[in-house]
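Attaching a predicted model along with its sequence, questions to come.
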Amino acid sequence: MPEVSKMKKPDVKLVLLGDMNVGKTSLLHRYTERKFKDTVSTVGGAFFLKQWGPYNISIWDTAGREQFHGLGSMYCRGAAAVILTYDVSNWQSLAELEERFLSLTDTANHDCIYALVGNKADLTDPRAQLCQDSDEASKDRMDCGEERTETQVLSACPTPPASPVSLSGITPGKQVTPEDAMALYGRILRYKGLEEKSSLPADKMCFETSAKTGYNVDNLFEALFDLVLPSILRNKNENQHSPTVDLEECRGAKRGRPSCC
Ligand SMILES: Nc1nc2c(ncn2[C@@H]2O[C@H](COP(=O)(O)OP(=O)(O)OP(=O)(O)O)[C@@H](O)[C@H]2O)c(=O)[nH]1
Ligand SMILES: [Mg+2]
């Protein structure tokens, strides 16, 4: 996994949006540090810079708490992809995306892409409870100094429960199905005035993940990195051809002629 570089200028921006507690920060930790670790509720926002081939991609983590709501549109400014995140075991967190978060994306790029991510799939889907494939998981553990044999890795994952209650003691609220997510994806396209037939298909843009086990997390981020590449190339192209703005000239304009900036 290419290293996460800190100080380079980002070529493109991805933003994680969603209600508090859905696991936005945990998804980033899982992807960038290969770990599922304790988190505290995010204050404001933070970003990670990910080197993807020759490009630098900034992935912004934002706060889901209501009191930081207004900041969301600032973080979405210029975004090439927005990752709308919900908790598969919490129907309300999906509803919040449409009610509270979708409008924040009005500041994103006109060609921004939208992904719907149902996190905490380990609570509802036996496949998501299995750790990443064992050699990857043991490699990961090697990365962070823990070495385990394949059986240990597999035995570390709980056997699929009869129902979520046995796994985590949660009383299953109304769970979100992939169909619910794909229906919301269609409404997002309509909200954006986009035609479904000329947009990325719902089954390609709706993901279920588990930051806890790593299930589908690499696939999510790396699928989006590839999808935003055209946006990066377009930006680079535009920057190479866009005339630079001479601020002195602007200042002159402010004094005399109508302002240009
Ligand atoms: N079972 C399970 N728990 C998870 C998963 N991802 C996150 N959690 C837990 O959910 C809680 C919230 O996780 P965070 O990553 O802090 O959530 P957040 O969306 O960043 O929350 P805010 O920063 O408040 O917006 C923590 O207790 C995590 O351990 C997951 O995939 N599965
Ligand atoms: Mg957070």
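The structure has been received and is ready for your questions. Ligands and ions are numbered 1, 2, ... in the order given.

Is the closest residue to residue 178 other than its chain neighbours bridged to anything, and to what?
Spatial nearest neighbour of residue 178, chain neighbours left out: residue 206 (6.2 Å); criterion: Cβ to Cβ, 6 or more residues apart in numbering. (Each C-beta comes from the backbone N, C-alpha and C, glycine too.) Beta bridges link residue 206 to residue 116 when assigned by DSSP bridges.

who are the neighbours in contact with residue 206?
By Cβ atoms under 8 Å, 6 or more residues apart in numbering, the residues touching residue 206 are 115-118, 178, 181-182, 185.

Please apply the same query to residue 46.
Contact analysis of residue 46 by Cβ under 8 Å, 6+ apart lists 60-61.

That one in helix, strand or coil?
The three-state assignment at residue 46 reads strand, by DSSP: H, G, I helix; E, B strand; the rest coil.

what's the pLDDT at it?
Note on residue 46: pLDDT of 94.

In the stretch 101-250 of the chain, which residue sits nearest ligand 2?
Closest residue of the stretch 101-250 of the chain to ligand 2, Cβ to the ion: residue 211 (10.7 Å).

neighbours around that residue, how many?
26 (other Cβ atoms under 10 Å).

Among the contacts of residue 206, which one has the most neighbours?
residue 118 (30 neighbours).

That residue: what's it in contact with?
Contact partners of residue 118, counting by Cβ under 8 Å, 6+ apart, are 86-88, 94, 176, 178, 181, 206-209.

Then residue 45?
Residue 45 sits next to 60-63, 68, 71, 75 when contact means Cβ under 8 Å, 6+ apart.

Name only those of these that count as buried.
Buried members of the contacts of residue 45, counted by 16 or more other Cβ atoms under 10 Å: 60-63, 68, 75.

What is the most widely separated pair among those?
Longest distance between any two of the buried ones among the contacts of residue 45 is 12.7 Å, between 60 and 68; criterion Cβ to Cβ.

can I assume residue 58 sits in a strand?
Yes - counting by three-state DSSP, residue 58 is located in a strand.

which non-adjacent residue is nearest it?
Leaving aside its sequence neighbours, residue 58 sits nearest to residue 10 (Cβ to Cβ, 6+ apart; 3.7 Å).

now residue 85
Nearest to residue 85 is residue 18, by Cβ to Cβ, 6+ apart, at 3.4 Å.

Could you pull up the residues touching the one you found?
Shown in contact with residue 18 (Cβ under 8 Å, 6+ apart): 24, 64, 83-86, 93, 96-97, 101, 117.

Now it. Its backbone dihedrals?
Per-residue torsions, residue 18: phi 150, psi 170 (degrees, to the nearest 10).

The chain should start at 57 in everything you say after this.
New numbering, starting at 57: the last item is residue 74.

State the distance from it to ligand 2.
According to Cβ to the ion, to the nearest Å, residue 74 stands 9 Å off from ligand 2.

Could you measure from that residue over to ligand 1?
For residue 74, the distance to ligand 1 equals 6 Å [Cβ to the nearest ligand atom, to the nearest Å].

which residues sit in contact with the residue in the stretch 107-256 of the chain positioned nearest to ligand 1?
Closest contact between the stretch 107-256 of the chain and ligand 1, by Cβ to the nearest ligand atom, is at residue 120 (2.9 Å). Residue 120 makes contact with 73-78, 80, 97-98, according to Cβ under 8 Å, 6+ apart.
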